[in-house]
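In: Need coordinates for the below:
(chains A, B, C and D)
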Number of protein chains: 4
Amino acid sequence: MVCGLPGIGSVAWLAVNHLQRELRAPLFAEVFSPMFSPKVWLTEEGVVGLMKGEFHFWKNKPGGPDLLLFTANEQPYSPEGQYELAEVALELARKFHASKVITMGGMATDRLAEPPKVYVGATDVNLVRESEAFGAVKLAGGAITGTNGLIFGLAKPKKIPAICLLAETPGYLSLDANAAKAALGLFTRMLNISVDLSALEKQAKENADAVQKAKDLSRAFPREARKGGDRELPYVS
Amino acid sequence: MVCGLPGIGSVAWLAVNHLQRELRAPLFAEVFSPMFSPKVWLTEEGVVGLMKGEFHFWKNKPGGPDLLLFTANEQPYSPEGQYELAEVALELARKFHASKVITMGGMATDRLAEPPKVYVGATDVNLVRESEAFGAVKLAGGAITGTNGLIFGLAKPKKIPAICLLAETPGYLSLDANAAKAALGLFTRMLNISVDLSALEKQAKENADAVQKAKDLSRAFPREARKGGDRELPYVS
Amino acid sequence: MVCGLPGIGSVAWLAVNHLQRELRAPLFAEVFSPMFSPKVWLTEEGVVGLMKGEFHFWKNKPGGPDLLLFTANEQPYSPEGQYELAEVALELARKFHASKVITMGGMATDRLAEPPKVYVGATDVNLVRESEAFGAVKLAGGAITGTNGLIFGLAKPKKIPAICLLAETPGYLSLDANAAKAALGLFTRMLNISVDLSALEKQAKENADAVQKAKDLSRAFPREARKGGDRELPYVS
Amino acid sequence: MVCGLPGIGSVAWLAVNHLQRELRAPLFAEVFSPMFSPKVWLTEEGVVGLMKGEFHFWKNKPGGPDLLLFTANEQPYSPEGQYELAEVALELARKFHASKVITMGGMATDRLAEPPKVYVGATDVNLVRESEAFGAVKLAGGAITGTNGLIFGLAKPKKIPAICLLAETPGYLSLDANAAKAALGLFTRMLNISVDLSALEKQAKENADAVQKAKDLSRAFPREARKGGDRELPYVS
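Out: Residues are numbered from 1 along each chain as shown, chains lettered A, B, ... in the order given. The predicted model follows:
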């Protein structure tokens, strides 16, 4: 199972949604619950949609791992709701005998890394090492907040091997396609799945151009000397 | 079933209460719950009343639709309470085999529209189109917060066709009878029910006079140039 | 049953505690619950006590009404907790076939009334009138917040006749023995119970002296002209 | 059972963790729950850990009391969660027929006491006196907030004798090994258990040196006259 809920830079959400679209994985279960915000949204056609979690399923070619994709249009607003949603996701993983749970996320730094590093935490040391072999950087210490972290952590007492991949993202980007691409790239190499990342690449390129333009402007009109520009922030989600 | 809980401009609450009084629909069920505020209120006679939801039922002439009216003297204060109350209302709709759920609400703009537009969202495209044929304006995108939105949205997974009618209301009016009249007018045309709207009209006229007086005063003593006076605010309830 | 939980001026709490001590009504039930604050308190002997509700029972002489007294050392901190505690109290009232529920409270005004008026609300008009005959003043309109209000209001759908007595209290007194005496005086006249109020009277006298001293001081050093000194505040608890 | 959850100066947490390490008491039960924060943490090896409570058991030599140790890496964030965790701990104490429950904590003062006093509250007067005989100071009045207080207080209606030991700690220390040593010293004398406190002593010495250095600095650069330096703050956790 691969999980990606909205968080910093929407990294995980972008990654899992891209995966779902590229693999054309069909929807097979939805979660509505008072743990989500008390609101509804409307399409451009005026048709109502709910705040919810969605499970999509992708049947791989024989020999490769099938994928159970889990995402939602928001994280539950209460701490109890975040635990509840994590349990719902892991319960389904257990029913489908998922061999591994992989959650993604963003790790806020204040620099625009190229390419962004992908940090890894896991339920045991061997999984950390396997991930390092694919290019991930061990996340030594720290905390991961929110549902993406809970799904990952609560897998441990349920004896489901789990990995959390956190791509570097500058805190100021609300949709960081470049970080999503990095996380997804590592994910597909690890699972030996072929996924076209060009749509994410295109979006990342547009982001980079916009950021460059903003930088050019700020250089033309400098306001104060920047300091600590490469310092990593400890905030992770 | 038609639902109208307090919200912006009290549009839905005014509309459903007016409907109940004009149709003389008798009370047949009440909902008391810790989801409401921990307080009670008193009548002019000193008799206590509770915070609660009320269901009224109106028996139509043969051939026309009967009406189940739902309202409450406040929205539940917690997000979970709003989901809970929406479920209570939809459960009753299901027990009564309601063929359609119609919720109302106000859409805050900063102008006094005459007549106010009535926006529509629905559980499917055909219902949106049918409503447009009666003069409603498609609500393309956006979110609807609160119980009126949840009753409407949660009807969808329950397979009950549902419509949400949102009348334009300037954010500064706490009781906008003009918007309530507009929403109720569209509602009665859609259901082919005849309801005397003169009491709402009278109240709307009094409101308009009061607002005009305030405007005259503010013109006599201008403080700053107004800008963006016709800009619509995206807030909806 | 007579109920008095802490609130404005601690009026109800003082009244019911005084009643319990004077009648030497023995404790027969306690309520511990997560609806209370997560803390404990210690006596002067270092012995721990919990946040809790207490029920005391007083056996009257033949012919007179027995009394079930309910109080607590605080109101539950959450709205749901206040509903829950009100239900606990009313459930016990029902088990004991209580013929009437009387809750007390303070009504904040910004004057020191002598004697303080006692306002009344009830579950029906006849109870309001009966109370008026004993000197209570009808509470026409307004809201009563908190558990004392909820016990009173929730008695109505349970078909238990209920009265709420609210004694005037200046908002600045944290323990208003004078208001408690006024509420309790009316209560004992209504139930034809003889209770020695001298301890409350003594405390009230001390309060009055302290306030007078403060007033003398403030007259000696006037800071600003007082305005609206007799205006009643609408806040009630 | 001895309980020590994080609180002021982390006194109780330090004490119980030290006890667990010195006695090499093995882990035998864990509590995961939505009552904890929605986050996970990572070891230096990148392996995930959960927010949780832990029970360790220590088998004493024949004749001496066995120990059930309870601690957690945080206190539940909600009041209801704190009650819930206290119930979980006491339920286990009951299952193990624990003869006594001892919780620890810090009592914030604004002085660095040497040695810190250890205050005591208990479920009955005899336990207070027994503790005084070992050097504890009776806690006359006041309140104890948080889970350490609730475990102690809720033991009372469960008829489990309980003691709460609160060591003086200056509010500005986040890890007060000196206070932990004082509480643990009294605890081991009371239970006649031999525990090496040298690790706590060493840490306390380092703390004291750091504080002395800070004081020297502040004396060299005095900013304002200190007042009330020995006044005890009433805050207890």
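
In: Identify the bridge partners of the nearest residue to A:Thr43 once chain neighbours are set aside.
Out: Nearest residue to A:Thr43 in three dimensions, chain neighbours excluded: A:Gly49, at 6.5 Å (CB to CB, 6 or more residues apart in numbering or on different chains). Every residue, glycine included, has its C-beta placed from N, CA and C. On DSSP bridges, the residues paired with A:Gly49 through beta bridges are A:Trp41.

In: what's around the residue lying closest to A:Gly149 once chain neighbours are set aside, how many residues?
Out: Nearest residue to A:Gly149, sequence neighbours excluded (CB to CB, 6+ apart): D:Val40, at 4.7 Å. A count of neighbours around D:Val40, defined by other CB atoms under 10 Å in any protein chain shown, yields 24.

In: I'd guessed A:Ala180 sits against A:Glu201; true?
Out: No - assessed by CB atoms under 8 Å, A:Ala180 is found out of contact with A:Glu201, at 10.3 Å.

In: Look at the two and report which has more neighbours.
Out: The neighbour count for A:Ala180 versus A:Glu201, taken as other CB under 10 Å, is higher for A:Ala180 (31 against 14).

In: mind listing what that one touches?
Out: A:Gly9, A:Ser10, A:Val11, A:Ala12, A:Leu14, A:Ala15, A:His18, A:Ala167, A:Leu200, A:Ala204 (CB atoms under 8 Å, 6 or more residues apart in numbering or on different chains).

In: run the last query once more with 10 Å
Out: A:Ala180 sits next to A:4, A:9-19, A:104, A:106, A:116, A:167, A:169, A:197, A:200, A:203-204 when contact means CB atoms under 10 Å, 6 or more residues apart in numbering or on different chains.

In: tell me the contacts of the residue lying closest to A:Ala113 once chain neighbours are set aside?
Out: Distances taken as CB to CB, 6+ apart place A:Glu168 nearest to A:Ala113, at 4.6 Å, with adjacent residues excluded. With contact taken as CB under 10 Å, 6+ apart, A:Glu168 is in contact with A:9, A:11, A:106-109, A:111-119, A:137, A:176, A:178-179, A:182-183, A:232.

In: what bridges to A:Glu168?
Out: A:Met107.

In: before we move on, back to that, taking the contacts of A:Glu168, please make a ChimeraX selection of just the buried ones.
Out: Applying 16 or more other CB atoms under 10 Å in any protein chain shown to the contacts of A:Glu168 leaves a buried subset, and the ChimeraX line that selects it is:
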select /A:9,11,106,107,108,109,112,113,116,117,118,119,176,178,179,182,183
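
In: hmm, stretch A:67-81 touching chain C?
Out: No - against chain C, stretch A:67-81 shows no contacts by CB under 10 Å from any CB of the partner chain, the least distance being 13.5 Å.

In: So which bits of that stretch are buried?
Out: In stretch A:67-81, counting by 16+ other CB under 10 Å, buried: A:67-76, A:78-81.

In: Report whether stretch A:81-94 contacts chain B.
Out: Yes - on the criterion CB under 10 Å from any CB, stretch A:81-94 is in touch with chain B at A:Gly81.

In: just so I have it, where are all the strands in chain A?
Out: A:2-4, A:27-31, A:39-42, A:48-50, A:53-58, A:67-72, A:101-109, A:118-122, A:137-138, A:143-145, A:162-170 (DSSP state E).
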